[in-house]
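**Q** pasting a predicted model and its sequence here:
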There are 2 protein chains.
Amino acid sequence: MAAELHQHDPSCPGCAAPDMAFARHDHAHCATDVLGRADVLAAERGVRLTPVRRRVLEILLERHRALGAYEVLERLARDGFGNQPPVAYRALEFLVDNGLVHRIQRLNAYLACMHPGEAHAPAFLICGTCNAVAEAPADAARKGVDGAAKALGFKVERVTIEALGLCPACQAGVAA
Amino acid sequence: MAAELHQHDPSCPGCAAPDMAFARHDHAHCATDVLGRADVLAAERGVRLTPVRRRVLEILLERHRALGAYEVLERLARDGFGNQPPVAYRALEFLVDNGLVHRIQRLNAYLACMHPGEAHAPAFLICGTCNAVAEAPADAARKGVDGAAKALGFKVERVTIEALGLCPACQAGVAA
DNA sequence: ATGTCTATGTTATATTATTACATGTCAAGG
DNA sequence: CCTTGACATGTAATAATATAACATAGACAT
């Protein structure tokens, strides 16, 4: 099951769709791919993807959902890393700063980015029932925000867009 | 300075602009106006704008910025209300549920809505320097999110849009 | 007045996040 | 080599945010 590293590849289920979080696919494949790209990015930027940081990214990729800092911490501890909160928070901060992980404000949780290095301005779609989170392209929405901000003379640095709702699977299974 | 109640009035500085949070204006005026409309809304909807709830709204309106739950609580306590967290959280929850207050996720803080009762889908512009928060019209951005969600088969219930950046005043005073 | 529903008060605790400081790692320049 | 300085990690303590659980009080319809 260990997929080999590859470039972003539209024929790969983990890469093809705008986002696959709501569909079944080969996680191991995505994960390996993203980790490989993370290594490259870190090298390019002269930052260090140390063992803790890499492991945190792996943990997030394994689950393919948003995890709280303490969930991450618990797993880290099992693997013999420090088990105090700053260990997790620092690694997460590094990953967020370097665009490898997104913070989901509404959940106080963290989600591995599936498109590291590619410029993207995602919106997050959060299923209120199963807690899955998808990263959706949101260029149109960003433009809207930029317009509104400009009208008020506000200079935008970072934008967070999060939608709470129902994912396709949970819509289908409402009566289940 | 006690302004009389009035309907939404484009000639009033507190009502005219898309949002006045970044401009000087007569807070007492806005506040009185919004409180009046809150009373009407509560009556219409058969919910009770009790003394604690009304006082919380007043507190948020007085400051015209986003306040944390514990800041609100402290003021409530001074006024003789209970001083345990649930007092503040419950009132805030009520106000949010009824569209009188917005929660700013990025700040874990609460902001009085300046347009209660009017259908609106705001984005929040948060100044990273002075912490002022403006409510900006964001219909275009919402449409963008709806489009992205639709493409993934996601059914949107609520959307949060928050931009972090620099308000006009802080842009001007950067070197100050 | 009595029962019921909602709201409030209060205690305790859960969850999320940071500060502060000690220790360790590692690479660059002497 | 070795030492120095920057960055990373480990650890203890605590801060900040939020909720659970249960008791009391008010509103109001019958």
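**A** Alright, I've got the coordinates. Numbers count the residues shown, from 1 in each chain, chains lettered A, B, ... in the order given.
**Q** now the helix or strand containing residue A:93: buried residues?
**A** Secondary structure from DSSP states H and E places residue A:93 in helix A:85-97. Residues of helix A:85-97 classed as buried: A:87-88, A:91-95 (neighbour count, 16 or more other CB atoms under 10 Å in any protein chain shown). Placement of C-beta: from N, CA and C, glycine included.
**Q** same check, this time on stretch A:124-134
**A** A:124-127, A:132-134.
**Q** also stretch A:150-166?
**A** Buried residues in stretch A:150-166, counted by 16+ other CB under 10 Å: A:152-156, A:159-166.
**Q** tell me the contacts of residue A:135?
**A** Residue A:135 is in contact with A:19, A:21, A:102, A:111, A:113-115, A:120, A:122-125, counting by CB atoms under 8 Å, 6 or more residues apart in numbering or on different chains.
**Q** how near is it to residue B:35?
**A** Distance check for residue A:135 against residue B:35: by CB to CB, to the nearest Å, it reads 41 Å.
**Q** let me know whether the strand ranked longest in chain A sits next to chain B.
**A** Counting residues, the longest strand in chain A under DSSP state E turns out to be strand A:155-166. Yes: residues of strand A:155-166 contacting chain B under CB under 8 Å from any CB of the partner chain: A:155-166.
**Q** show residues contacting the helix or strand just after that strand.
**A** Proceeding N to C from strand A:155-166, the next assigned helix or strand is helix A:168-172, under DSSP H and E. With contact meaning CB under 8 Å, 6+ apart, helix A:168-172 is reached by A:22, A:127, A:129-130, A:132, B:152-155.
**Q** show me which residues of chain A are close to DNA strand D?
**A** Counting by CB under 7 Å from any atom of the strand, the residues of chain A close to DNA strand D are A:47-48, A:50-53, A:81-87, A:90-91, A:94.
**Q** just the strands in chain A please.
**A** Taking DSSP E as the test, the strands found in chain A are A:101-104, A:109-112, A:122-127, A:133-137, A:155-166.
**Q** for residue B:76, which of those is the nearest?
**A** Distance to residue B:76, taken as CB to CB, is lowest for strand A:155-166 among the strands of chain A, at 28.6 Å.
**Q** mind listing what that closest one pairs with, with the direction of each?
**A** If you go by DSSP bridges, strand A:155-166 pairs up with strand A:122-127 (parallel), strand B:155-166 (antiparallel).
**Q** that older thread, out of the strands of chain A, which gets nearest to residue A:27?
**A** Closest among the strands of chain A, using CB to CB: strand A:109-112, at 10.6 Å.
**Q** roughly how far is the closest one from the heart of the chain?
**A** Relative to the chain's own centre, strand A:109-112 is displaced by 5 Å; criterion: CA atoms, centre = their mean, to the nearest Å.
**Q** mind listing what's buried along stretch A:34-51?
**A** A:34-35, A:37-38, A:41-42, A:49.
**Q** so can I have a markdown table of those showing pLDDT and distance to residue B:140?
**A** Shown next, in a markdown table, are the buried residues of stretch A:34-51 (pLDDT from 0 to 100; distance: CB to CB, whole Å):
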| residue | pLDDT | distance to residue B:140 |
| --- | --- | --- |
| A:34 | 94 | 32 |
| A:35 | 95 | 37 |
| A:37 | 94 | 33 |
| A:38 | 96 | 34 |
| A:41 | 94 | 32 |
| A:42 | 95 | 36 |
| A:49 | 97 | 38 |
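**Q** in helices only, show me the residues you listed.
**A** Counting by DSSP state H, the part of the buried residues of stretch A:34-51 found in helices is A:34-35, A:37-38, A:41-42.
**Q** residue A:81 contacts residue A:55, doesn't it?
**A** Yes: Residue A:81 is within contact range of residue A:55, at 6.8 Å (criterion: CB atoms under 8 Å).
**Q** still on that earlier bit, which of the buried residues of stretch A:150-166 lies closest to residue A:62?
**A** residue A:162 (23.0 Å).
**Q** nearest spatial neighbour of residue A:99, chain-adjacent residues omitted?
**A** Closest residue to residue A:99 apart from its sequence neighbours, by CB to CB, 6 or more residues apart in numbering or on different chains: residue A:116 at 5.8 Å.
**Q** what about the one you found, how many neighbours?
**A** If you count neighbours by other CB atoms under 10 Å in any protein chain shown, residue A:116 ends up with 21.
**Q** give me the phi and psi for it.
**A** phi -60, psi 140 (degrees, to the nearest 10).
**Q** wait, what's in contact with it?
**A** For residue A:116, the contacting residues are A:34, A:37-38, A:41, A:99-100, by CB under 8 Å, 6+ apart.
**Q** okay, it and DNA strand D: tell me how far apart.
**A** Distance of residue A:116 to DNA strand D, computed by CB to the nearest atom of the strand, to the nearest Å: 17 Å.
**Q** equivalent analysis for residue A:133, please.
**A** Counting by CB to the nearest atom of the strand, the gap from residue A:133 to DNA strand D is 18 Å.
**Q** contacting residues around that residue?
**A** When contacts are counted by CB under 8 Å, 6+ apart, residue A:133 touches A:21, A:65-66, A:104, A:107, A:111, A:124-127.
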